[in-house]
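Chemist: The following comprises the amino acid sequence and a computationally predicted model.
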Amino acid sequence: MASFEPLPSPRPDPLRLDKHAQDNLRFIRETMERATSFTAVPGWGGMALGITALGASAVAAMQKTHVAWLATWLVEVVVAIGVAGWTTLAKARAAHDPVLAGPGRKFTLSFAPSLFAGALLTVVLFRAGFSAAVPGTWLLLYGTGVVTAGSFSIRIVPLMGLCFMVLGAVALFSPPGWGDAYLAAGFGGLHLIFGAVIARRYGG
């Protein structure tokens, strides 16, 4: 009686296995990055900050006194905090990305010291009569905070902070009358550009 041996099962295509392994590694890497980084940086919120900053720079440039100029920008700070806070919380909730825990907490704590230092230096510079150095100081310290906090966020955030730092350093060595133009370019232009990129590539 003839015996029948089972046909050998076809071997999987090595190319398909390699692609499958690459897909798995990519998924694992992206999952780990999301778990260790704060991804709820608001792109649309950044663009809104850029628009309000452009308006503030135009209004501030028309002020006749340093006090009125500072008051204009302080109003912008309050508006910016409200916009940034609301849009960040909205994006974080949609992405289930906690703001005050894990990477979100590290992002916030890393960003806050530079803002605090900027507030103190603003008072010191105005009292000493060096108000012309305030725009460059703001840009430089804001950029420093963004770079530091960006180490816990998506890759484009530290790059944005670096651009702010470069602009702030240039502003510190430029003529005093150029301050509002640098603030418009930084808080207005850079927020609009990077906000648009973040909104397009990282979900709003």
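Modeler: All right, it came through fine. Numbers count the residues shown, from 1 in each chain.
Chemist: Now do the same contact list for residue 139.
Modeler: 164-165, 167-168, 171, 182-183, 186-187 (CB atoms under 8 Å, 6 or more residues apart in numbering). (Each C-beta comes from the backbone N, C-alpha and C, glycine too.)
Chemist: How is the most centrally placed residue in the chain assigned, secondary-structure-wise?
Modeler: Closest to where the C-alpha atoms of the chain average out (CA atoms, centre = their mean) is residue 157, at 4.3 Å. Following DSSP: H, G, I helix; E, B strand; the rest coil, we place residue 157 in the helix state.
Chemist: How about it, nearest residue that isn't a chain neighbour?
Modeler: residue 150 (3.5 Å; CB to CB, 6 or more residues apart in numbering).
Chemist: Isn't the one you found up against residue 160?
Modeler: Yes: here residue 150 reaches residue 160: they are 7.4 Å apart, a contact under CB atoms under 8 Å.
Chemist: before we move on, the earlier item: just give me the neighbour total for the residue nearest to residue 157.
Modeler: Counted with other CB atoms under 10 Å, residues neighbouring residue 150 total 24.
Chemist: Then residue 92?
Modeler: Using other CB under 10 Å, residue 92 is surrounded by 19 other residues.
Chemist: Verify the contact between residue 152 and residue 108 for me.
Modeler: No: using CB under 8 Å, residue 152 is not in contact with residue 108; the gap is 9.2 Å.
Chemist: So between the two, which is more surrounded?
Modeler: residue 152 (21 against 15).
Chemist: next SSE after the one helix or strand residue 44 maps to?
Modeler: Assigned by DSSP states H and E, residue 44 belongs to helix 43-61. For helix 43-61, the succeeding helix or strand toward the C-terminus, using DSSP H and E, is helix 66-95.
Chemist: can you pull the buried residues of the helix or strand just after that next one?
Modeler: Where DSSP H and E defines the elements, the next helix or strand beyond helix 66-95 is helix 103-127. Within helix 103-127, the residues that count as buried by 16 or more other CB atoms under 10 Å are 103-104, 106-107, 110-111, 114-115, 118, 121-122.
Chemist: Helix 66-95 and helix 103-127, what's the angle between them?
Modeler: 180 degrees (axes from the mean of the first three to the mean of the last three CA atoms, to 10 degrees).
Chemist: Moving along the chain from helix 103-127, name the first helix or strand you hit.
Modeler: helix 134-150.
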